[in-house]
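*Asks:* Here is a sequence together with a model predicted from it:
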Amino acid sequence: MLSFLKKTAETIRSIVPRTQYVAPEILEEALIGADMDYDEVEALLDRLVEPITRDRLRFGLLELLPAFEPLKITQNPFVELIVGVNGAGKTTTIAKLANRYKSEGHSVMLGAGDTFRAAAVEQLKRWAAKLDTPIVAAVEGGDPSAVAFDAIASSLAKKRDRVRIDTAGRLHTQKNLAEELKKIVRVCGKALEGAPHRKLLVLDGTQGRSAINQAREFNEIIGIDGIIVAKLDGTAKGGAIYSISRQLQKPIIHIGVGESADDLIDFDAHSFTDSFISPFFP
Ligand SMILES: Nc1nc2c(ncn2[C@@H]2O[C@H](COP(=O)(O)OP(=O)(O)OP(=O)(O)O)[C@@H](O)[C@H]2O)c(=O)[nH]1
Ligand SMILES: [Mg+2]
């Protein structure tokens, strides 16, 4: 079992008796306990044939997840914009992605586009130093679009091939944030045609499916290509993954499973589902 689903598994185990089959009422209670939305629970139960065996449950859950073409990295430099509400895990995720790309032999450039909080820039600078990665940062209150532009221009000049741009999760008003994010996207496109190539939304896994509405808002503002669910190690809400993906119709690309640079794993529907259903059966 994937260890980051420990808390979700404990919740399910506390509800489910240890048998070869799971009764529909018990399954319903356990899935809701693991923060799957009622819509998905009903859709699943409608389709499941009794008795509900491991294979049937596995197949039913996999059917809830939309299928996506794997996202391809098509350009050099490849520019990713990371967005999400404050505290979701954006800055940490950027460090994890930088670490990942570096270990794959790529050269990385970071852009500290959260100029709303001085501490945010410092946090990313600390990660950049630790990962030995160049970073473009502005002063507190500076223009995040300028940071994005400079990070891309500097990558072109220095031939860095992966650019990650951090953004603020909160501004004085929601409208300011929306306008700022749109401007960053526009300015990225001026620095390099087609950039940002991916806009990734980081969701706080401990919020479970209540993060779906904020995801919709970000999608309306700039359009989201994929989702990273951070902090899945600290929550019993692992079932929300099915609702998030199905309701947003966006691929979950990675999950964050801890606070260090290595704690990012690729989301794989099959291995996730295998782990998720393991506490249902002996
Ligand atoms: N356990 C755990 N903690 C995480 C994970 N990802 C991030 N965190 C922690 O969550 C807190 C917030 O993470 P940040 O990366 O600063 O979040 P942010 O979205 O950049 O926050 P703002 O800059 O305030 O908008 C930090 O204490 C991180 O160490 C994760 O996958 N697991
Ligand atoms: Mg941050």
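*Replies:* Now that the structure is in, tell me what you want to look at. Ligands and ions are numbered 1, 2, ... in the order given.

*Asks:* residue contacts, Thr133?
*Replies:* 98, 102, 108-110, 127 (Cβ atoms under 8 Å, 6 or more residues apart in numbering). For the C-beta atoms, the positions are set from N, CA and C on the backbone; glycine is no exception.

*Asks:* any idea how far Arg164 is from the residue nearest to it when sequence neighbours are not counted?
*Replies:* Closest residue in space to Thr133, ignoring its immediate chain neighbours: Val108 at 4.9 Å, by Cβ to Cβ, 6 or more residues apart in numbering. Separation of Val108 from Arg164 (Cβ to Cβ, to the nearest Å): 7 Å.

*Asks:* Comparing those two, which residue is more hemmed in?
*Replies:* Arg164 (28 against 24; other Cβ atoms under 10 Å).

*Asks:* Surely the more buried one is within a strand?
*Replies:* Yes. Under DSSP: H, G, I helix; E, B strand; the rest coil, Arg164 sits within a strand.

*Asks:* Neighbours of Leu62, how many?
*Replies:* 15.

*Asks:* Might one say that it is in contact with Ala269?
*Replies:* Yes. Leu62 lies in contact with Ala269 (Cβ atoms under 8 Å); the separation is 5.9 Å.

*Asks:* contacting residues around the residue nearest to Thr133?
*Replies:* Neighbours of Val108 in contact, by Cβ under 8 Å, 6+ apart: 98, 101-102, 131, 133-134, 160-164.

*Asks:* I'd like those as TSV, with distance to ligand 1 and secondary structure appended.
*Replies:* Shown next, in TSV, are the contacts of Val108 (distance: Cβ to the nearest ligand atom, whole Å; DSSP: H, G, I helix; E, B strand; the rest coil):
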residue	distance to ligand 1	secondary structure
Ala98	13	helix
Tyr101	17	helix
Lys102	18	helix
Leu131	14	helix
Thr133	16	coil
Pro134	19	coil
Arg160	22	coil
Asp161	23	coil
Arg162	18	strand
Val163	17	strand
Arg164	12	strand
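
*Asks:* Which pair of these spans the longest distance?
*Replies:* Within the contacts of Val108, Leu131 and Asp161 form the most distant pair, 15.3 Å apart (Cβ to Cβ).

*Asks:* and the residue nearest in space to the middle of the chain, what are its bridge partners?
*Replies:* Residue closest to the average C-alpha location in the chain (Cα atoms, centre = their mean): Ile228, at 0.9 Å. Note on Ile228: beta-bridge partners by DSSP bridges are Val202, His254.

*Asks:* Residue of the stretch 1-150 of the chain closest to ligand 2, please.
*Replies:* Thr91 (3.3 Å; Cβ to the ion).

*Asks:* Might one say that that residue is in contact with Asp114?
*Replies:* Yes. Counting by Cβ under 8 Å, Thr91 does reach Asp114; the two are 7.2 Å apart.

*Asks:* can you list residues touching both of the two?
*Replies:* Joint contacts of Thr91 and Asp114 (Cβ under 8 Å, 6+ apart) are 120, 124, 166.

*Asks:* In contact with the last one: list those residues for me.
*Replies:* So the one you mean is Asp166. Contacts of Asp166 by Cβ under 8 Å, 6+ apart are 82, 90-91, 94, 110-114, 120, 124.

*Asks:* taking the residues you listed one by one, which sit in strands?
*Replies:* Those of those mapping onto strands are 82, 110-113, per DSSP state E.

*Asks:* closest to His197 among those residues?
*Replies:* For the ones in strands among the contacts of Asp166, the nearest to His197 is Ile82 (12.6 Å; Cβ to Cβ).

*Asks:* which residues does that closest one form a beta bridge with?
*Replies:* Applying DSSP bridges, one finds that Ile82 bridges with Asp166, Leu200.

*Asks:* I'd like the distance between it and Met36.
*Replies:* 26 Å.
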